[in-house]
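sharing a model prediction with you, sequence too.
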Amino acid sequence: MFENYGIRVELVGNKELFTTLYIGFLGLIFSSFLVFLAEKEANPKNFSNFADALWWGVITLCTVGYGDTVPITWPGKLIAAFCALLGISFFALPA
């Protein structure tokens, strides 16, 4: 009797979601690399390797901002501002 009343689920916007995630991932890698280049000589304690810069990028893009790793040079601060704005817009895009 109830054979024809199945639940149908469609993936709407699947391409857009993956595109957003791809752009966010590229923004993370790119901004982390730029901050690493800008800060590695001026701030070797916090940005001694790319993994530290990647940690900073994840925390900044997620808008958590622990404050354990911060850029101290002006180019690093400008990249950090761009990364924070990218993180805010990244979470607003799927909505």
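Great, that's in hand. Numbering: from 1, shown residues only.

how about Gly76, what does it touch?
35, 38-39, 42-43 (C-beta atoms under 8 Å, 6 or more residues apart in numbering). In short, each C-beta sits where N, CA and C put it, glycine included.

return the members of these classed as buried.
When these are checked for burial by 16 or more other C-beta atoms under 10 Å, the buried set is 35, 38-39, 43.

just the closest of these to Leu78, please.
For these, the minimum distance to Leu78 (C-beta to C-beta) is 8.6 Å, reached by Ala38.

OK, contacts around the closest one?
Contacts of Ala38 by C-beta under 8 Å, 6+ apart are 71, 73, 75-76, 79.

mind putting those in CSV, distance to Ile29 and secondary structure included?
Shown next, in CSV, are these (distance: C-beta to C-beta, whole Å; DSSP: H, G, I helix; E, B strand; the rest coil):
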residue, distance to Ile29, secondary structure
Pro71, 17, coil
Thr73, 20, coil
Pro75, 18, helix
Gly76, 16, helix
Ile79, 13, helix
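
how about these in CSV, adding distance to Trp56 and pLDDT?
Listed next are these as CSV, based on distance: C-beta to C-beta, whole Å; pLDDT from 0 to 100:
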residue, distance to Trp56, pLDDT
Pro71, 8, 94
Thr73, 13, 96
Pro75, 14, 95
Gly76, 10, 95
Ile79, 10, 95
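
hang on, the earlier thing: I'd like to know which of the contacts of Gly76 are part of strands.
Among these, no member falls in strands (DSSP state E).

a markdown table please, covering these and showing pLDDT and distance to Leu61.
Below are the contacts of Gly76 laid out as a markdown table (pLDDT from 0 to 100; distance: C-beta to C-beta, whole Å):
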| residue | pLDDT | distance to Leu61 |
| --- | --- | --- |
| Val35 | 96 | 12 |
| Ala38 | 95 | 17 |
| Glu39 | 96 | 17 |
| Ala42 | 95 | 22 |
| Asn43 | 92 | 19 |
